[in-house]
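[1] Provided below for reference: sequence and predicted model.
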Amino acid sequence: MQNDLGHYRRNYQKSELIETNVPDNPMQLFQTWFYEVEQFGGVEEANAMTVSTIGLDGFPKNRVVLLKKYTYEGFIFYTNYNSEKGKAIAGNPNICLSFFWPNLERQVIIKGIAEKVSENLSDGYFESRPDGSKLGAIVSDQSEVIENRSVLEQKLKELESELKGKEIERPSYWGGYLVKPESIEFWQGRPNRLHDRLRYTLQKDYSWKIERLAP
């Protein structure tokens with residue numbers, strides 16, 4: 001099989017990223033970009049992000065998850081702590097997050113350190129989920145090999161019957177991670193492949209150093 005994609009071309013020209021027009025704190029710029037992406041439309045899940053970890057086998061692995069909250073402290077997502085990504089984070093908490101928003105020709109790349117959020121925060125988010133999502137989190141031994149889909153569906157039916165009319169509590173192996181950024185790079189597509197790239201790097205005094213990178 002061979003499929004040459006060299007003819008795929010587009011000219012990026014929707015915006016620009018100039019040092020004099022950005023805030024001192026990258027989380028402020030992230031908030032602005034996220035809002036603009038949502039308002040512009042064309043992206044079904046603006047909070048979809050790629051989470052990259054270094055697995056226990058030494059290989060990097062990427063997967064798409066949903067960002068559920070961001071603050072000046074960092075970025076929060078939820079998962080099964082016993083999953084492949086959870087085990088990878090336990091072994092090496094240095095991870096990378098990335099967003100790609102083609103509607104505004106933008107991407108954001110975050111290098112940071114992941115740590116578990118408080119149990120209260122995980123409880124609060126779990127409680128806000130639909131019952132189906134809660135049950136799914138309980139019945140799925142995420143990343144483990146299973147015989148077939150019927151196994152999952154049968155476990156779900158049994159759990160639905162067992163917990164009918166009862167409160168569905170968060171399992172201890174499921175919860176959130178806060179990714180505290182060490183660097184955040186903002187990429188804005190520009191004409192002739194001379195894209196704008198600004199990188200914020202956290203300093204020892206907790207200020208942010210802003211540098212322009214060659215495209």
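    Yes, it's here.
[2] I would like the residues contacting the strand or helix carrying residue 197, please.
    Element membership of residue 197, judged by DSSP states H and E, is strand 196-202. Defining contact as CB atoms under 8 Å, 6 or more residues apart in numbering, one finds that strand 196-202 is touched by 16-19, 22, 26, 181-188, 190, 208-215. To be clear about C-beta, it is placed using only N, CA and C from the backbone, and glycine gets the same treatment.
[3] ditto for stretch 58-70
    27, 30-31, 34, 45, 47-55, 75-79, 84-85, 88, 97, 99, 125, 176.
[4] Out of those residues, which end up buried?
    Neighbour counting by 16 or more other CB atoms under 10 Å classes 27, 30, 34, 47, 49, 51-54, 75-79, 84-85, 88, 97, 99, 125, 176 among the contacts of stretch 58-70 as buried.
[5] Tell me which of those fall in strands.
    49, 51-54, 75-79, 97, 99, 176 (DSSP state E).
[6] and of those residues, the nearest to residue 139?
    Looking at these and their distance to residue 139, the nearest is residue 79, at 15.3 Å (CB to CB).
[7] can you pull the contacts of that closest one?
    Residue 79 makes contact with 65, 85-86, 142, 174-177, according to CB under 8 Å, 6+ apart.
[8] packing partners for the helix or strand bottoming out on mean pLDDT in the chain?
    One helix or strand of the chain scores below all others by mean pLDDT, DSSP states H and E: helix 149-162, with a mean of 92. Counting by 3 or more CB pairs under 8 Å, 6 or more residues apart in numbering; DSSP states H and E, the packing neighbours recorded for helix 149-162 are helix 131-139.
[9] Return the distance of the helix it packs on from the chain's centre.
    21 Å (CA atoms, centre = their mean, to the nearest Å).
[10] I am finished for the moment; much appreciated.
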